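Engineer: Pasting the sequence and the predicted model now:
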Amino acid sequence: MNPFLKSLASSLLILVSCFQGLNAQTSDEASVALIGARLFDGTGRAPHEQSVLVIRNGRVEMVGAIGDVNIPDDAERIDLSGKTILPGLVNAHGHLNEDQSDRPIRTKLAEQLRLYADYGVTTVVVLGVFSDEELVVGASLNKEQEEIDLDRARVYVAGDSLQNLGTAEEARMRVNDYANAGANLVKIHITGGPNDMTPEVYGALIDQAHSRGLRVASHLYYLEDAHGLLDAGVDVIAHSVRDQAADNLLIEKMIQQNVPYIPTLTRDLARFVYETRPDFLEDPFFLRRVSAYQGDIDIVTGADYQATSRSPQRQADKEGLAQGNRNLKTLSDAGVLIAMGSDSGTNQGQWQGYFEHTELEMMVEAGMSTTQALVAATSGAAAAMGLDQHVGVLQPGRWADLLILDANPIEDIRATREIHSVWIAGTPLSGVP
Ligand SMILES: [Zn+2]
């Protein structure tokens, strides 16, 4: 690890242990019972049409149909008749690179995580940081979220996406650096370009990550690379295969190796959609947090950006997205684990919070059922990233991270935008909606 990273890591470790001492949760907090809502528990099972959800110490204590759950005498009762409760959304592929100001990095990361949470995205897996400092601070935010009252999305971080490494030795060393700095997983880039890591190098990288207990998620575009990565033991395919149809061998490998697939359809949409001013920029749901988005709005609606969006290279991504849509339908129908991920927070016009709802809508337009899309955005994304014992499912012991809606998204996926409230660790976020 470089010396800067090392000293930053150790000073943050001290900070984290101070927080833990001050904020250790008590074990005798009164419970809260949410009563009467439709409840989709994230697994894909049919919802309880009238449910009881009991929360204690930030976690789900009991959940079931009214009549099947004994509500504790001490519980504060909250009537949610007519509402729909879902697990908070899990974005299996996000980033925290939106705020380019020179404010303290901790402030910038925490604010972006709050923006996600304002839209009901209560867990974000950062598939690639953009600096050593972002990794170390992101890892410390990750540790804090086990201990303190949270008013932002939970975060899990990969180091910056590893690419173009020349030797197996270098690959193993970089993985060790990230593991030592507190990374939760490893992200790599295989682009199909001439400088890509060879299968031998990424094979060593994946092996090293596994020996450190870390999963490896890969950027890719081509079917051929997906095969190579699967043969080398990759854990997560973090974008759509966009050059050709997924073949039977791919499906077989993904199912046998239990490798999930993150389509990131909005990432491909963002490549060309600003060729003109898209209607969604006037969507009231988008405009709720327009102050956070304004800088990017000015950029993507400018003449220069529109011209770039019309370039042949970007227009070609229309066909890439169409192929990605077809492959999503094929892989979902075949039973591959699908995880919602948007790739938001990387480049301009990939809106943290808003685009996860667009992603869900696009998944349904690609042919998934509303239930399948909601599973992908809750238990599917959590399982894909190894987080399903913590989030993504409303079962006893899991965090009580909730998205509560005024409408039913199983009938219409756009109902995820009708936010009644967002809860993290059993507490509603103030100022939401
Ligand atoms: Zn990404």
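Structural biologist: That came through, no problem.
Engineer: got a list of what residue 399 touches?
Structural biologist: With contact set as Cβ atoms under 8 Å, 6 or more residues apart in numbering, residue 399 has these partners: 58, 59, 60, 154, 390, 391, 424, 425, 426. In this view, the C-beta of every residue, glycine as well, is placed from N, C-alpha and C.
Engineer: Isn't the third one up against residue 51?
Structural biologist: No - the pair formed by residue 60 and residue 51 falls short of the contact definition of Cβ atoms under 8 Å, at 11.5 Å.
Engineer: of those two, who's got more company?
Structural biologist: Neighbours per residue, other Cβ atoms under 10 Å: of residue 60 and residue 51, the larger number sits with residue 51, 25 against 22.
Engineer: That one: what's it in contact with?
Structural biologist: The neighbourhood of residue 51, defined by Cβ under 8 Å, 6+ apart, consists of 34, 35, 36, 37, 38, 39, 63, 64, 65, 66, 85.
Engineer: Enumerate the residues of the stretch 101-250 of the chain near the ion.
Structural biologist: When proximity is defined as Cβ under 5 Å from the ion, the stretch 101-250 of the chain approaches the ion at residue 127.
Engineer: Let me see the ranges of the helices in the stretch 101-250 of the chain.
Structural biologist: 105-118, 132-144, 168-180, 199-211, 223-231, 248-256 (DSSP state H, counting those that start in this stretch).
Engineer: Most proximal residue of the stretch 101-250 of the chain with respect to the ion?
Structural biologist: Distances from the stretch 101-250 of the chain to the ion, computed as Cβ to the ion, single out residue 127 as the nearest residue at 4.8 Å.
Engineer: For that residue, report the pLDDT, please.
Structural biologist: Per-residue confidence at residue 127 stands at 98 (pLDDT).
Engineer: and it, how many neighbours?
Structural biologist: Using other Cβ under 10 Å, residue 127 is surrounded by 30 other residues.
Engineer: which ones are touching it?
Structural biologist: Under the criterion of Cβ under 8 Å, 6+ apart, the contact list for residue 127 reads 92-95, 158, 161, 185, 187, 217, 219, 238, 341, 343.
Engineer: now swap in residue 201 and tell me
Structural biologist: Contacts here follow Cβ under 8 Å, 6+ apart; on that basis residue 201 touches 165, 166, 167, 168, 170, 171.
Engineer: Any of these buried? List them.
Structural biologist: Neighbour-count burial (16 or more other Cβ atoms under 10 Å) applied to the contacts of residue 201 gives 165, 168, 171.
Engineer: Now render these as CSV, adding pLDDT.
Structural biologist: Supplementary listing: the buried ones among the contacts of residue 201 in CSV, determined by pLDDT from 0 to 100:
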residue, pLDDT
165, 98
168, 98
171, 98
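Engineer: For the ion, see how far away residue 380 is.
Structural biologist: 18 Å (Cβ to the ion, to the nearest Å).
Engineer: For that residue, which non-adjacent residue is spatially closest?
Structural biologist: residue 339 (4.9 Å; Cβ to Cβ, 6 or more residues apart in numbering).
Engineer: hang on, the earlier thing: what about the contacts of residue 127, which are in strands?
Structural biologist: Among these, the members found in strands (DSSP state E) are 92, 93, 94, 185, 187, 217, 219.
Engineer: from the contacts of residue 399, which single one is nearest the ion?
Structural biologist: The ion has its nearest neighbour among the contacts of residue 399 in residue 154, at 18.1 Å by Cβ to the ion.
Engineer: so the closest one sits right up against residue 391, yeah?
Structural biologist: Yes - applying Cβ under 8 Å, one finds residue 154 in contact with residue 391, separated by 6.6 Å.
Engineer: list the contacts for residue 175?
Structural biologist: With contacts defined as Cβ under 8 Å, 6+ apart, the neighbours of residue 175 are 162, 186, 205, 208, 209, 212, 214.
Engineer: at 7 Å instead, please
Structural biologist: By Cβ atoms under 7 Å, 6 or more residues apart in numbering, residue 175 lies in contact with 186, 205, 208, 209, 212.
Engineer: Can you turn the buried subset of the residues you listed into a selection I can paste into PyMOL?
Structural biologist: Buried members of the contacts of residue 175 can be picked out in PyMOL with the line below, counting by 16+ other Cβ under 10 Å:
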select buried, resi 186+205+208+209
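Engineer: and the two most separated of the contacts of residue 175?
Structural biologist: 205 and 212 (11.0 Å; Cβ to Cβ).
Engineer: And for residue 106, nearest residue in space, chain neighbours not counted?
Structural biologist: Of all residues not flanking residue 106 in the chain, residue 137 sits nearest, at 5.3 Å (Cβ to Cβ, 6+ apart).
Engineer: so what's the closest residue to the ion within the chain closest to, chain neighbours aside?
Structural biologist: The chain approaches the ion most closely through residue 343 (4.2 Å), counting by Cβ to the ion. Closest residue to residue 343 in three dimensions, ignoring its sequence neighbours and counting by Cβ to Cβ, 6+ apart: residue 267, at 3.8 Å.
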